[in-house]
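[1] Quick one: sequence plus predicted model below, questions after.
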Amino acid sequence: MRTFDYIRPDDLNGARREASVAQTRFLAGGTTLIDLMKCDVESPVRLVDITHLQGLNEVVVSAERIHIGALAKMSHVAGDKAIQSQAPVISQALWRAASPQLRNMATIGGNLMQRTRCTYFRDPAAYPDCNKRSPGSGCSALEGMNRNHAILGGSEACIATYPGDLAVALVAFDAQILIRGDSERLVTVDDFFRLPGNSPDIEHDLAANEMIIAVHVPVVPALKQSHYLKVRDRASYEFAAASAAVGLEFEDDGKTIRDVRVALGGVGTKPWRAHAVEQALIGKRFTERLLREAARHAVDGAQAREHNGFKIILAPRVVARALMTAGGLS
Amino acid sequence: MADRNKLQLRINGRSYALDLDARVTLLDTLREHAQLPGTKKGCDQGQCGACTVHVDGQRVLSCLTLAAQVQGRSVTTIEGLAAVDGTLHAVQAAFVEFDAFQCGYCTPGQIMSAVACIQEGHTGSDDEIREYMSGNICRCGAYPHIVTAVRTAAARLQGDSA
């Protein structure tokens, strides 16, 4: 690991000032950053520890909006009673991620900044070629062991899967990220994550001197009847082979779908909103047959490589089952 | 700026004055600089749980924590769990009683995780214990006995406080 200066600023403006120097990273839970520094993927010369900053870890659930401070720990938000009752998909996406120890360390802002688990990306010594690490060097995953790689949103430059769970729930419900730079701005979670295209090294809509302050989730009826289903190679403490964040709102008859939200994890290069599935369901009567037909649209445009074709079969099943659970059919 | 840090750390109720390279993790600090080798280094990349310690009462991974990050916080390791007279913590005693290990390498991490798991209230069923102990890998496969030990220790500790 390259050596670095450790800096602990007193306040947010001080932190942003420190971060304006080149090759500086904010350090929060450290669960991604310290790990990637050990792998020699990240090599900052300065770490600005922001975990002591005040006022950035609040969770406030109101009638219109959920506010989650960037420094709130994953475990804290997952266990928040108001989140559990008003937005079960957020609590479930959090407690089904990582391990209890990691969830006690990792923050919400850091969770949004976590980087892919692509084994080629994480191992520069064995695989120097990686367009995400070294733009233009190539991609070892395209013809490599790509069972865990993305079937949606990939390019000839990169097919690394976005690994997180929380952001999948957030894109399903049009959440926004509050960012502090020279001024404050809001960006939708969907826009915050970028497709790899020809520049997979640029993953987020976030400048070097900007900091994530909070996540805002608009409260809609479907958020209360929501669910996160995560299917993976072992029962716990594993990344998703395919996951789905869903929510439902019915008409007064209790059978006709008024609003539905569907997003997928474990299959895309970014958290993947499935608008086509939603459009195929709105206004229709809630039956298993309808769900299974609509869920096929979850993989519209999917492209499999040698080892990840199973995700094209798995993802629609995960979407259908998540909707059945949310709607009380299973 | 200096790439070394003079740190004052509080570990198991004792104060340690250390002068460390910025890169030194809490795990290496405990083992190499504080003469507390009970905390184990397994994967050293946050995947096995062998290095689990408590910081301000919360279970965390010391391999992904820089020593500098815990300045001003209170660290508890496996060495700090038993009473001063050597009486084992209820979880330690249960691990011995139910033979909840084979080689023992993951055991300090398992026990630190189990103590927190019980405090968090995640021992309502064997399934819940398995879910909330999943961050601690045991390559000997002592899991059934670990679940028994955690379940039993939880019942005894909760009985004490009732």
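    Yep, that arrived.
[2] ok, how many other residues are close to residue B:37?
    Residue B:37 is flanked by 14 other residues according to other Cβ atoms under 10 Å in any protein chain shown. (C-beta placed from N, C-alpha, C; glycine too.)
[3] actually residue A:20, not the one I wrote
    Per other Cβ under 10 Å, the neighbour tally for residue A:20 reads 10.
[4] surely it meets residue A:210?
    No: at 10.2 Å, residue A:20 does not count as touching residue A:210 under the criterion of Cβ atoms under 8 Å.
[5] any residues in contact with both of the two?
    With contacts defined as Cβ atoms under 8 Å, 6 or more residues apart in numbering or on different chains, no residue is shared by residue A:20 and residue A:210.
[6] Which strand or helix spans the residue in chain B positioned nearest to chain A?
    At 2.6 Å from chain A, residue B:135 is the closest residue in chain B, using Cβ to the nearest Cβ. Using DSSP states H and E, residue B:135 sits within no helix or strand.
[7] so what's it up against?
    Residues in contact with residue B:135 (Cβ under 8 Å, 6+ apart) are A:98-102, A:237, B:49, B:52, B:113.
[8] Equivalent analysis for residue A:209, please.
    A:16, A:19-20, A:181-182.
[9] coming back round to it: please name the nearest non-neighbouring residue to the residue of chain B closest to chain A.
    Nearest non-adjacent residue to residue B:135, counting by Cβ to Cβ, 6 or more residues apart in numbering or on different chains: residue A:99, 2.6 Å away.
[10] Name the nearest residue to residue 80, ignoring sequence neighbours.
    I went with chain A, as the question did not name one. residue A:59 (5.1 Å).
[11] I was after chain B.
    Per Cβ to Cβ, 6+ apart, closest to residue B:80 is residue B:12, 3.1 Å.
[12] that older thread, what about the residue nearest to residue A:80, neighbour count?
    Going by other Cβ under 10 Å, the residues that sit close to residue A:59 add up to 19.
[13] Same check on residue B:46?
    Residue B:46: 23 neighbours (other Cβ under 10 Å).
[14] That one contacts residue A:31, correct?
    Yes: using Cβ under 8 Å, residue B:46 makes contact with residue A:31 at a distance of 6.0 Å.
[15] Just the buried ones from the contacts of residue B:135?
    Among these, those classed as buried by 16 or more other Cβ atoms under 10 Å in any protein chain shown are A:98-102, A:237, B:49, B:52, B:113.
[16] Just the ones in strands from those residues, please.
    residue B:52 (DSSP state E).
[17] residues contacting residue 32?
    You didn't pick a chain, so chain A it is. Residue A:32 neighbours (Cβ under 8 Å, 6+ apart): A:106, A:110, A:113-115.
[18] my bad, chain B
    residue B:24.
[19] SS state for residue 35?
    Assuming you mean chain A. helix (DSSP: H, G, I helix; E, B strand; the rest coil).
[20] Tell me, how many residues neighbour it?
    21.
[21] pretty sure it is touching residue B:61, no?
    No: using Cβ under 8 Å, residue A:35 is not in contact with residue B:61, being 9.7 Å away.
[22] in the chain, which spans are helices?
    Just so you know, I chose chain A. A:12-19, A:33-38, A:74-78, A:81-86, A:88-95, A:100-105, A:108-112, A:166-172, A:189-192, A:221-224, A:275-281, A:288-295, A:310-326 (DSSP state H).
[23] Actually, chain B is the one I wanted.
    B:26-28, B:90-97, B:107-120, B:126-132, B:143-161.
[24] which residues are contacting the second one?
    Right, helix B:90-97. Contacts of helix B:90-97 (Cβ under 8 Å, 6+ apart): B:81-82, B:88, B:100-101, B:107, B:110-111, B:114-115, B:118, B:146, B:149-150, B:152-153, B:156-157, B:160.
[25] Buried residues in stretch A:108-125, which are they?
    Of all the residues in stretch A:108-125, those buried under the rule 16+ other Cβ under 10 Å are A:108-116, A:118-122.
[26] Endpoints of stretch B:89-107, how far apart?
    Distance across stretch B:89-107, first residue to last, is 14 Å (Cα to Cα, to the nearest Å).
[27] what's the answer for stretch A:117-132, then?
    With Cα to Cα as the measure, the first residue of stretch A:117-132 is 12 Å from its last.
[28] swap in stretch A:142-162?
    Note: stretch A:142-162 ends 16 Å apart using Cα to Cα.
[29] Could I get the average pLDDT for that stretch?
    In this model, stretch A:142-162 carries a mean pLDDT of 98.
[30] I'd guessed the residue nearest to residue A:80 sits against residue A:72; true?
    Yes: the criterion here is Cβ under 8 Å, and residue A:59 meets it with residue A:72 at 5.6 Å.
[31] now the one residue in the stretch 101-250 of chain A that gets nearest to chain B: how far from residue A:98?
    Nearest residue of the stretch 101-250 of chain A to chain B: residue A:236, at 3.7 Å (Cβ to the nearest Cβ). In this view, residue A:236 and residue A:98 are 10 Å apart by Cβ to Cβ, to the nearest Å.
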